[in-house]
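Asks: Prediction below, plus the sequence it came from.
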Amino acid sequence: MNMRIVITLAGRDVGLVSEKDMALAIQAAEEVFAQHEADPMACEMANQKQYSDAEITREEALLCAIWEEANYAAWHKATIGWMSRDIDLYMMVRSAAADDRDALSA
(Lines give C-alpha, C1' and ligand atoms only; values in the text may rest on other atoms or scores of the structure.)
Protein backbone atom coordinates (compact mmCIF):
# COMPACT_ATOMS: atom_id res chain seq x y z
CA MET A 1 0.00 0.00 0.00
CA ASN A 2 1.35 3.40 -0.98
CA MET A 3 1.59 5.81 1.96
CA ARG A 4 1.55 9.58 1.71
CA ILE A 5 1.79 12.45 4.14
CA VAL A 6 -1.35 14.41 4.98
CA ILE A 7 -1.07 17.88 6.51
CA THR A 8 -4.08 19.10 8.44
CA LEU A 9 -4.99 21.85 10.85
CA ALA A 10 -6.42 21.13 14.27
CA GLY A 11 -7.33 23.00 17.42
CA ARG A 12 -10.34 24.53 19.10
CA ASP A 13 -10.86 27.06 16.28
CA VAL A 14 -10.37 24.79 13.26
CA GLY A 15 -14.10 24.87 12.57
CA LEU A 16 -13.82 28.59 11.79
CA VAL A 17 -11.47 27.96 8.86
CA SER A 18 -13.19 27.91 5.47
CA GLU A 19 -12.48 25.08 3.06
CA LYS A 20 -10.67 27.53 0.76
CA ASP A 21 -8.50 28.92 3.57
CA MET A 22 -7.76 25.37 4.77
CA ALA A 23 -6.46 24.49 1.31
CA LEU A 24 -4.36 27.67 1.20
CA ALA A 25 -2.97 26.96 4.67
CA ILE A 26 -1.96 23.44 3.78
CA GLN A 27 -0.39 24.65 0.54
CA ALA A 28 1.62 27.25 2.48
CA ALA A 29 2.96 24.58 4.84
CA GLU A 30 3.80 22.25 1.95
CA GLU A 31 5.72 25.07 0.26
CA VAL A 32 7.86 25.58 3.38
CA PHE A 33 8.68 21.87 3.61
CA ALA A 34 9.49 21.78 -0.13
CA GLN A 35 11.65 24.90 0.08
CA HIS A 36 13.78 23.24 2.77
CA GLU A 37 13.54 19.78 1.15
CA ALA A 38 12.31 18.54 4.53
CA ASP A 39 10.11 15.58 5.34
CA PRO A 40 7.05 16.91 7.22
CA MET A 41 6.83 13.74 9.33
CA ALA A 42 10.49 14.02 10.38
CA CYS A 43 9.88 17.66 11.30
CA GLU A 44 6.85 16.79 13.41
CA MET A 45 8.71 13.96 15.16
CA ALA A 46 11.60 16.30 16.00
CA ASN A 47 9.13 18.93 17.23
CA GLN A 48 7.45 16.39 19.51
CA LYS A 49 10.83 15.21 20.78
CA GLN A 50 11.89 18.75 21.74
CA TYR A 51 8.91 18.96 24.11
CA SER A 52 9.84 15.71 25.85
CA ASP A 53 12.78 15.32 28.18
CA ALA A 54 14.90 13.82 25.40
CA GLU A 55 17.93 15.69 24.11
CA ILE A 56 17.69 16.73 20.46
CA THR A 57 20.48 16.82 17.90
CA ARG A 58 21.48 19.82 15.81
CA GLU A 59 19.66 18.30 12.81
CA GLU A 60 16.53 17.79 14.90
CA ALA A 61 16.74 21.41 16.05
CA LEU A 62 16.83 22.49 12.38
CA LEU A 63 13.82 20.28 11.66
CA CYS A 64 12.02 21.96 14.57
CA ALA A 65 12.75 25.37 13.07
CA ILE A 66 11.32 24.23 9.72
CA TRP A 67 8.25 22.85 11.54
CA GLU A 68 7.70 26.20 13.27
CA GLU A 69 8.05 28.06 9.96
CA ALA A 70 5.54 25.74 8.23
CA ASN A 71 3.15 25.86 11.19
CA TYR A 72 3.22 29.66 11.18
CA ALA A 73 2.74 29.81 7.40
CA ALA A 74 -0.33 27.56 7.68
CA TRP A 75 -1.71 29.45 10.69
CA HIS A 76 -1.21 32.80 8.98
CA LYS A 77 -2.93 31.71 5.74
CA ALA A 78 -5.84 30.20 7.66
CA THR A 79 -6.40 33.25 9.88
CA ILE A 80 -5.60 36.17 7.59
CA GLY A 81 -8.19 38.87 8.20
CA TRP A 82 -9.33 37.47 11.52
CA MET A 83 -9.65 40.21 14.15
CA SER A 84 -8.43 38.05 17.05
CA ARG A 85 -4.99 36.53 17.32
CA ASP A 86 -5.91 34.48 20.41
CA ILE A 87 -6.56 31.48 18.19
CA ASP A 88 -6.15 27.79 18.99
CA LEU A 89 -5.08 26.43 15.61
CA TYR A 90 -2.05 24.31 14.76
CA MET A 91 -0.68 22.01 12.09
CA MET A 92 -0.61 18.22 12.28
CA VAL A 93 0.97 15.66 9.96
CA ARG A 94 0.00 12.03 9.57
CA SER A 95 0.63 9.14 7.22
CA ALA A 96 -2.32 7.99 5.18
CA ALA A 97 -3.04 5.41 2.52
CA ALA A 98 -2.95 6.94 -0.95
CA ASP A 99 -6.62 6.09 -1.37
CA ASP A 100 -7.61 7.91 1.86
CA ARG A 101 -10.07 10.61 0.72
CA ASP A 102 -10.23 12.46 4.05
CA ALA A 103 -7.10 14.53 3.39
CA LEU A 104 -8.28 17.94 4.60
CA SER A 105 -10.20 17.05 7.74
CA ALA A 106 -8.70 17.57 11.16
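Replies: Yes, it's here.
Asks: drop to CA atoms for contacts and neighbour counts, all remaining ones
Replies: Fine.
Asks: Who are the contact partners of residue 56?
Replies: By Cα atoms under 8 Å, 6 or more residues apart in numbering, the contact set of residue 56 is 46, 49-50.
Asks: Restricted to helices, list the residues you listed.
Replies: Residues of the contacts of residue 56 located in helices (DSSP state H): 46, 49-50.
Asks: what's the closest of these to residue 62?
Replies: residue 46 (8.9 Å; Cα to Cα).
Asks: I'd like to know how far that closest one sits from residue 69.
Replies: From residue 46 across to residue 69, the span is 14 Å (Cα to Cα, to the nearest Å).
Asks: And for residue 36?
Replies: To residue 69, residue 36 is 10 Å away according to Cα to Cα.
Asks: Could you check which of those two is surrounded by more residues?
Replies: Comparing residue 36 with residue 69 by other Cα atoms under 10 Å, the one with more neighbours is residue 69, at 16 against 10.
Asks: Dihedrals phi and psi, that one?
Replies: Torsion angles at residue 69 (phi, psi; degrees, to the nearest 10) stand at phi -60, psi -50.
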